[in-house]
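Visitor: Fold the stuff below for me.
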Amino acid sequence: MENGVPEPAERCSDAPAAPAERRGDATAPATSASAGPTAPAGHAGWTASLLAERPAPDLRGDLSRFGVGLGLASLYGLALGVRQGGVSFAYHAAGVPAALVAVACLGVPALTIVLTLFDATLDAPRALSATARAAAATGLVLGGLAPAAALFVVTSASNFTAAFMGLLGLAVGGAVGVCVLLRDLRAALQRDGGLLRLAGHGAALLGFAGFAVALALRVWWGTLPILNGGSL
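Guide: Numbers count the residues shown, from 1 in each chain. Got it, this is the predicted structure:
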């Protein structure tokens, strides 16, 4: 219009400017609030800490981890002793972790000696750390299976069935421990070298796995009354 009066179209185009600024001001606190510090991450659980890989060997921590694995494995032994009761509790509670001790004290040192023939760089602290982690993994599995094992051995109609179910749980826990041990030992070995050297490492690890299984079965057979009573 004339006399300096703005046109309606111009007023309409200029009107949304103020709400846009107000919207920007309204969203500013939300943006600043979202940019604030987030909630602290939760701590790792006990199981995760027990099985966590450590950047460097820790003698005290590895011995503690190994002891925890033995304690959890003894819970599975107590579950197996429920069927016969009495002194059988002590035999089974000591017999189940005895296999872990036998493999750690006999099998792992023998493996390190064999690996030296192939110029492997596996030092004693690394071997101990891998052994402790494998024992902890085995103990966790056996400890978790303890309630089910107690139920099966008590409700089984025959000694054979009770012994078979008990041995099945031992096999599962032992297999998990062997897999963890072999993986950690393989990671500790140097990857460089020729084909013959790598083949020697693999053959030594496979031979150790067979020896560990045979040794554990021999210890369990001789120390667990439920296996003898089940005629296995």
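
Visitor: The lengthiest helix in the chain: what's the following helix or strand?
Guide: When the chain is parsed with DSSP state H, its longest helix is helix 124-155. Per DSSP states H and E, helix 124-155 leads on to helix 159-188 as the next helix or strand towards the C-terminus.

Visitor: and the angle from that next one to helix 124-155?
Guide: 160 degrees (axes from the mean of the first three to the mean of the last three CA atoms, to 10 degrees).

Visitor: Only the buried residues of stretch 115-124, if you could.
Guide: For stretch 115-124, burial by neighbour count (16 or more other CB atoms under 10 Å) applies to Leu115, Phe118, Ala120, Leu122. Quick note: C-beta positions are derived from backbone N, CA and C, even for glycine.

Visitor: Ok, stretch 142-159 next?
Guide: Leu142, Gly143, Gly144, Leu145, Ala146, Ala149, Ala150, Phe152, Val153, Ser156, Asn159.

Visitor: Which members of the buried residues of stretch 115-124 occur in strands, if any?
Guide: Using DSSP state E, no member of the buried residues of stretch 115-124 sits in strands.

Visitor: Looking at those, point me to the pair that's furthest apart.
Guide: Taking CB to CB as the measure, these span a maximum distance of 10.1 Å, between Phe118 and Leu122.

Visitor: what's the burial count for Ala102?
Guide: Using other CB atoms under 10 Å, Ala102 is surrounded by 16 other residues.

Visitor: Now for it: which residues touch it?
Guide: Leu215, Ala216, Val219 (CB atoms under 8 Å, 6 or more residues apart in numbering).

Visitor: please redo it, this time with the cut-off set to 10 Å
Guide: By CB atoms under 10 Å, 6 or more residues apart in numbering, the contact set of Ala102 is Ala212, Leu215, Ala216, Arg218, Val219, Trp220.

Visitor: CSV for the residues you listed, including secondary structure?
Guide: What follows is the contacts of Ala102, written out as CSV (DSSP: H, G, I helix; E, B strand; the rest coil):
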residue, secondary structure
Ala212, helix
Leu215, helix
Ala216, helix
Arg218, helix
Val219, helix
Trp220, helix
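
Visitor: Only whichever of those residues are buried, select them in ChimeraX.
Guide: To isolate the buried members of the contacts of Ala102 in ChimeraX, using 16+ other CB under 10 Å:
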select :212,216,219,220
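
Visitor: and of the contacts of Ala102, the nearest to Asn228?
Guide: Proximity of the contacts of Ala102 to Asn228 (CB to CB) peaks at Trp220, which lies at 10.4 Å.

Visitor: For Arg65, see how far away the nearest residue to the closest one once chain neighbours are set aside is.
Guide: Once flanking residues are discounted, Trp220 sits nearest to Ala99: 5.5 Å by CB to CB, 6 or more residues apart in numbering. Look at Ala99 and Arg65: by CB to CB, to the nearest Å, they are 17 Å apart.

Visitor: Same check on Gly144?
Guide: 17 Å.

Visitor: Could you do Gly210 as well?
Guide: Look at Gly210 and Arg65: by CB to CB, they are 25 Å apart.

Visitor: Name the residue in the two with the higher neighbour count.
Guide: When Gly210 and Arg65 are compared on other CB under 10 Å, the one with more neighbours turns out to be Arg65, at 26 against 10.

Visitor: and the next element down the chain from whatever helix or strand that one lives in?
Guide: Using DSSP H and E, Arg65 maps to helix 59-80. Note on helix 59-80: by DSSP H and E, the next helix or strand toward the C-terminus is helix 88-102.
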